[in-house]
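J.: The amino acid sequence is not available; the structure is as follows:
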């Protein structure tokens, strides 16, 4: 029997999978993001063989020191920018993530954000609830169509490719994309056209959807200068990581109508919002819930558990970070 610590309550299906093979599982009793000090204290309560952590946990050398017997830190997320992967590698600690199972769900949410901002759905909802609706009017809350427009995809991985598919197949959108390498699948699947630079996509697209990992090279990938390249009728959607967009520059672009609108599921200083963002009508905000469906969050819990079980049995983690990333 091995001891496993879970840093926050997750869907029970993952916990049960660990218990079914005989492991002892301790789940943090505090249903909030643990501070570094709280996490260190929790990990020192017992000799843990594995840790199931969340994207909100900053996992570095101090955390590894607190769990010296841990063979794996299984991240309950597809991204792993919260983990010092290089430090883990030095120590021989396995890091895993939960890719693929959330691809469709995040892609659906990205498209939901596009539809919500273009059709002004949250704004219309607030309008009705405030008692302002007194009858149909020809120019009441006019929005924009997606059909026939140009969709620009920044980051043509699994999720970006799926969003492109929805755009092309369901809304007859022309798809442009930028990535550090060409993706033949997206080109074949939806006739997507590769562009050599982020700038080229921003200049041409009516809707921009962002799907890149957070790296030094992608921090503020969309900045003031690049926002100014967008059409004044264009919208930008971000369901990847908040710091990919310079939020201060975005607020100014939205205030000044440099672009028409934005929809964000992630934020630069999450959960804090940049000053002025929440007061704008031409932005839709959701609280990092792009993968938040019952089906997907359950599958993520199971996949994190499967990674732990494999490593504790002396096998390769199915989703070891570095093996396919």
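T.: Yes, it's here. Bear in mind that the values here come from a model prediction, so they are computed numbers and not experimental data.
J.: what about the closest residue in space to residue 233 that isn't next to it in sequence, how many residues close to it?
T.: Nearest non-adjacent residue to residue 233, counting by C-beta to C-beta, 6 or more residues apart in numbering: residue 260, 5.3 Å away. Using the backbone N, CA and C atoms, a C-beta is placed for each residue, glycine as well. As a burial measure, residue 260 scores 21 neighbours (other C-beta atoms under 10 Å).
J.: just the one 4 residues further on next, same as before
T.: Residues near residue 264, counting by other C-beta under 10 Å, number 26.
J.: can you pull out the strands in the stretch 151-300 of the chain?
T.: Secondary structure of the stretch 151-300 of the chain, counting by DSSP state E, counting those that start in this stretch: strands at 174-178, 193-194, 207-210, 235-238, 261-264, 283-285.
J.: Ok, which of the ones you listed comes nearest residue 320?
T.: strand 207-210 (26.2 Å; C-beta to C-beta).
J.: partners of that closest one in the sheet?
T.: Strand 207-210 has the following sheet partners, assigned by DSSP bridges: strand 150-154 (parallel), strand 235-238 (parallel).
J.: Return the residues in contact with the residue nearest the centre of the chain.
T.: With distances taken as C-alpha atoms, centre = their mean, residue 240 lies nearest the centre of the chain, 3.7 Å away. Applying C-beta atoms under 8 Å, 6 or more residues apart in numbering, we find residue 240 in contact with 79, 155, 210, 211, 212, 213, 214, 266.
J.: so the fifth one makes contact with residue 156?
T.: No - with contact defined as C-beta atoms under 8 Å, residue 212 does not reach residue 156; the gap is 9.5 Å.
J.: circling back: was I right about the residue nearest to residue 233 contacting residue 234?
T.: Yes - using C-beta under 8 Å, residue 260 is in contact with residue 234, at 6.1 Å.
J.: Could you report the separation of residue 97 from residue 232?
T.: 38 Å (C-beta to C-beta, to the nearest Å).
J.: More neighbours: which of those two?
T.: Each of residue 97 and residue 232 has its neighbours counted (other C-beta under 10 Å); residue 97 has more, 24 against 10.
J.: who's in contact with the more buried one?
T.: 75, 77, 78, 79, 80, 319, 321, 325.
J.: Quick check: residue 106 is in a helix.
T.: Yes - judged by DSSP: H, G, I helix; E, B strand; the rest coil, residue 106 forms part of a helix.
J.: ok, it - contacts?
T.: Here residue 106 is in contact with 159, 239, 290, 291 (C-beta under 8 Å, 6+ apart).
J.: got a list of what the last one touches?
T.: When contacts are counted by C-beta under 8 Å, 6+ apart, residue 291 touches 78, 102, 105, 106, 109, 297, 300.
J.: Which members of the residues you listed occur in helices, if any?
T.: 105, 106, 109, 297, 300 (DSSP state H).
J.: Which pair in those has the greatest spatial separation?
T.: Farthest pair in the ones in helices among the contacts of residue 291, by C-beta to C-beta: 109 and 300, 14.4 Å.
J.: Tell me the secondary structure of residue 52, please.
T.: With three-state DSSP as the criterion, residue 52 reads strand.
J.: Any figure for the gap between the residue lying closest to it once chain neighbours are set aside and residue 222?
T.: Closest residue to residue 52 in three dimensions, ignoring its sequence neighbours and counting by C-beta to C-beta, 6+ apart: residue 6, at 4.4 Å. Distance, residue 6 to residue 222, using C-beta to C-beta: 35 Å.
J.: mind listing the helices for this protein?
T.: Under DSSP H, the chain gives helices at 12-20, 36-43, 61-66, 85-91, 103-118, 121-129, 158-171, 184-190, 198-204, 224-227, 247-255, 294-312.
J.: Tabulate the ones you listed in JSON lines, adding columns for distance to residue 273 and mean pLDDT.
T.: Below are these laid out as JSON lines (distance: least, C-beta to C-beta, whole Å; pLDDT from 0 to 100):
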{"stretch": "helix 12-20", "distance to residue 273": "31", "mean pLDDT": "97"}
{"stretch": "helix 36-43", "distance to residue 273": "23", "mean pLDDT": "97"}
{"stretch": "helix 61-66", "distance to residue 273": "28", "mean pLDDT": "98"}
{"stretch": "helix 85-91", "distance to residue 273": "29", "mean pLDDT": "96"}
{"stretch": "helix 103-118", "distance to residue 273": "16", "mean pLDDT": "97"}
{"stretch": "helix 121-129", "distance to residue 273": "15", "mean pLDDT": "98"}
{"stretch": "helix 158-171", "distance to residue 273": "24", "mean pLDDT": "97"}
{"stretch": "helix 184-190", "distance to residue 273": "32", "mean pLDDT": "95"}
{"stretch": "helix 198-204", "distance to residue 273": "23", "mean pLDDT": "98"}
{"stretch": "helix 224-227", "distance to residue 273": "18", "mean pLDDT": "98"}
{"stretch": "helix 247-255", "distance to residue 273": "8", "mean pLDDT": "98"}
{"stretch": "helix 294-312", "distance to residue 273": "24", "mean pLDDT": "97"}
